[in-house]
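Colleague: Give me the fold of what follows.
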Amino acid sequence: MSPSPFVTAIAAWLVPGAGHALTGQLRKAVIFFVVLMLMFGVGLAFSGEFFALDRSDPLVLLGGLTQWALGAPRLLAGLAGGGAGTVTAVTYEYGNTFLIVGGLLNLLIVLDAFDRARGKVRP
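Modeller: Down below sits the predicted model:
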């Protein structure tokens, strides 16, 4: 028996690909995990910055929220001191883009896992 759609969505948010693993889509789960972790790693390697959840600047707030959409990897990297960003680095903006797009892609993957757990998508 598969877990509830909400448990699946939370697992998918915390660990990219975990929701698809819970719904029996192991190949997709591995692909999603590898691709998103590579994007996250490239973003950090390119001196990307973890944005603060600053409500005074809407774009910074949205950037920060999308980075948090990667769940546990974002939390663990932040605790380890990653994501400080180097504004003067040539690759700084590319790094930020990889971190933001990785979070946005994970949101789509979470929604897909949620729909699969509800039985709304064909396997």
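
Colleague: Strands along this structure, start to end?
Modeller: Counting by DSSP state E, one finds no strands in the chain.

Colleague: For it, which segments are assigned as helices?
Modeller: Counting by DSSP state H, residue ranges of the helices within the chain are 5-14, 18-22, 26-45, 58-68, 72-79, 92-118.

Colleague: Would you mind extracting the C-alpha trace of the first one into CSV?
Modeller: Going back to what we said before, that points to helix 5-14. Output of helix 5-14 as CSV, limited to C-alpha atoms (Å, rounded to 0.1, in the frame of the first residue of the first chain):
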residue,chain,number,x,y,z
PRO,A,5,-0.6,11.8,-1.3
PHE,A,6,0.4,14.4,1.3
VAL,A,7,3.1,12.1,2.8
THR,A,8,4.3,11.5,-0.8
ALA,A,9,4.5,15.2,-1.4
ILE,A,10,6.4,15.9,1.8
ALA,A,11,8.9,13.1,1.0
ALA,A,12,9.3,14.5,-2.6
TRP,A,13,10.0,18.0,-1.2
LEU,A,14,12.5,16.8,1.4
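
Colleague: Distance check, the closest residue to residue 9 other than its chain neighbours against residue 12.
Modeller: Closest residue in space to residue 9, ignoring its immediate chain neighbours: residue 114 at 4.3 Å, by C-beta to C-beta, 6 or more residues apart in numbering. C-betas here are computed from N, CA, C, even on glycine. Plainly put, residue 114 is 7 Å away from residue 12 if you go by C-beta to C-beta, to the nearest Å.
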